[in-house]
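A.B. asks: Here is a sequence with its predicted model. Questions after.
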Amino acid sequence: MMELSRKHLSISKSLTLAISAKAKEMKADGLDVIGFGVGEPDFPTPSFIIAAAKEALDSGKTRYTAAAGIKELREAVCRKLKSDHGLDYRQEEIIISNGAKHSLYNAFQAILNPGDQVIIQSPYWVSYPELVKMGGGKPVFVEASEQNDLKMKMADLEKAITASTKAILINSPSNPNGSVYNRAELERIAELAVEHDLYLVSDEVYEKLVYDGLEHISLASLGKEVQDRTILVNGVSKTFAMTGWRIGYAAGPEAVISVMSNLQSHATSNPNSIAQYASVAALTHPASDETVAKMVEQFAKRRDYMVEQLNLMAGLSCLKPGGAFYVMLNIQDLLAKKYQGQRIDGSIDFANLLLKAEKVAVVPGIAFGADHLIRLSYATSMDNIEKGLKRIESFVKEIV
Ligand code: PMP
Ligand code: GLU
């Protein structure tokens with residue numbers, strides 16, 4: 001075997017996607033699997049978005065577009081950023097990519113040089129460290145503990161900054177733990193970025209999924225000096241139940257967006273033309289806000305139920321997340337115990353045994369850098385949640 005890329009051999013596969021694939025495969029084999037694994041809204045894509053895609057097909061919007069995306073969608077993104085956050089962006093400061101994940105990939109490729117450090121909150125979304133490594137950088141983790149409301153302590157963040165730090169990555173609301181940073185915390189983060197001359201990469205894909213009256217604040221809206229160093233990433237996957245359409249976007253300084261766009265023009269050309277037209281409808285249709293609000297209402301009900309039920313189960317506990325659609329379940333008290341004679345040494349053992357015994361798919365916390373946690377997504381029907389939680393209850397009762 002000839003040698004493979006040393007840089008990329010260290011990149012692991014996405015465990016969230018692998019677990020989702022496994023659960024789907026088991027379902028296809030006729031098994032009654034409940035999937036709490038992947039973070040993917042279960043709602044259908046709203047009909048006015050589907051209609052826009054059909055219209056795009058019928059009117060022949062089937063050609064290459066500009067690599068950075070169609071003008072209509074970039075304009076729609078500019079208008080959205082203005083109306084939601086009061087932010088002014090020009091079209092040249094926007095890129096449309098194949099999902100927010102692809103925008104993040106492009107962003108790290110564009111700003112990192114070998115050895116540059118990127119500060120990431122831990123537990124972290126599974127792809128962040130790998131995206132940074134693929135860009136030649138080094139992820140540096142700052143703990144977001146249950147004791148600190150699932151957020152980083154600002155003093156810890158400050159301590160993590162070194163001469164090699166290039167960027168701070170903020171994901172609020174967060175995947176996996178649902179934490180939402182408040183204005184004062186974001187102002188402190190922004191202050192540190194300005195003081196140390198750092199980029200801020202702000203992944204805002206869960207911005208609309210906030211509960212209990214919490215407010216999502218876009219980092220870039222904290223002032224011109226902050227906006228000038230922020231790469232804001234968002235997309236339509238989570239807000240509009242459009243995970244399969246693969247449309248995300250980034251807004252940032254023209255110099256950064258231009259490098260991202262050049263890379264994209266060689267790597268993937270433009271994102272799918274039909275999906276881009278559908279995304280214009282997602283961002284501009286008059287029914288959008290109401291449709292999203294209805295989904296958020298459902299997510300909030302599911303979250304309340306899930307958190308309440310899990311906290312009733314002996315050996316398990318979880319905090320109530322303020323946003324996104326995940327619960328991080330603490331299994332610390334069950335570690336080193338046994339399920340039907342098989343020892344549970346960490347989150348992978350717990351997840352594997354649960355899938356085998358009760359056919360419930362969850363993501364082991366180790367994927368997010370926390371082996372005493374399990375991630376459950378409540379982006380699934382209330383029926384599934386009720387059924388799945390009963391199975392988890394039967395499972396943990398057997399752990400001694
Ligand atoms: N960021 C976070 C925090 C996510 O959870 C996801 C989910 N896949 C993404 C980015 C990427 O979303 P997409 O590529 O589907 O737009
Ligand atoms: N972000 C979602 C998750 O964490 C989707 C899968 C992925 O892209 O990782 O489950």
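C.D. replies: Perfect, thanks for sending it. Numbers count the residues shown, from 1 in each chain. Ligands and ions are numbered 1, 2, ... in the order given.
A.B. asks: Summarise which helices and strands the lowest-mean-pLDDT helix or strand in the chain is packed against.
C.D. replies: Counting by mean pLDDT, DSSP states H and E, the chain has its least confident helix or strand at helix 15-28, which shows a mean of 85. With contacts defined as 3 or more CB pairs under 8 Å, 6 or more residues apart in numbering; DSSP states H and E, helix 15-28 has these neighbours: strand 34-35, helix 347-358, strand 360-361, strand 363-364. From N, CA and C alone the C-beta is placed, and that goes for glycine too.
A.B. asks: Which helix or strand contains the closest residue to residue 139 other than its chain neighbours?
C.D. replies: What sits nearest to residue 139 in space, not counting adjacent residues and going by CB to CB, 6 or more residues apart in numbering, is residue 129, at 4.1 Å. If you go by DSSP states H and E, residue 129 is part of helix 127-134.
A.B. asks: could you give the mean pLDDT of that helix?
C.D. replies: Helix 127-134 carries an average pLDDT of 97.
A.B. asks: Who are the packing partners of the next helix or strand after it?
C.D. replies: With elements assigned by DSSP H and E, the helix or strand that comes after helix 127-134 is strand 138-145. The helices and strands touching strand 138-145, judged by 3+ CB pairs under 8 Å, 6+ apart, are strand 117-122, helix 127-134, strand 151-152, helix 154-160.
A.B. asks: out of those, nearest to residue 52?
C.D. replies: Distance to residue 52, taken as CB to CB, is lowest for helix 127-134 among these, at 28.6 Å.
A.B. asks: Residue 233 should be in a helix, yeah?
C.D. replies: No - read with DSSP: H, G, I helix; E, B strand; the rest coil, residue 233 is strand and lies in no helix.
A.B. asks: Read off the pLDDT value for it.
C.D. replies: For residue 233, pLDDT reads 98.
A.B. asks: Could you do residue 217 as well?
C.D. replies: Reported pLDDT for residue 217: 98.
A.B. asks: near ligand 1, which residues of the stretch 151-300 of the chain show up?
C.D. replies: 171, 175, 203, 205, 235, 237, 243, 248 (CB under 6 Å from any ligand atom).
A.B. asks: So which of these reach ligand 2?
C.D. replies: Near ligand 2, by the rule CB under 6 Å from any ligand atom, you find residue 175 out of these.
A.B. asks: wait, which of the residues of the stretch 151-300 of the chain next to ligand 1 is closest to residue 32?
C.D. replies: For those, the nearest to residue 32 is residue 243 (23.2 Å; CB to CB).
A.B. asks: quick one: that closest one and residue 41 touch, right?
C.D. replies: Yes - counting by CB atoms under 8 Å, residue 41 is a contact partner of residue 243 at 7.1 Å.
A.B. asks: For the two, indicate the residue with more neighbours.
C.D. replies: residue 41 (21 against 17; other CB atoms under 10 Å).
A.B. asks: quick one: contacts for residue 134?
C.D. replies: 7, 8, 11, 105, 108, 109 (CB atoms under 8 Å, 6 or more residues apart in numbering).
A.B. asks: out of these, which touch ligand 1?
C.D. replies: For ligand 1, no contacts are drawn from the contacts of residue 134 by CB under 6 Å from any ligand atom.
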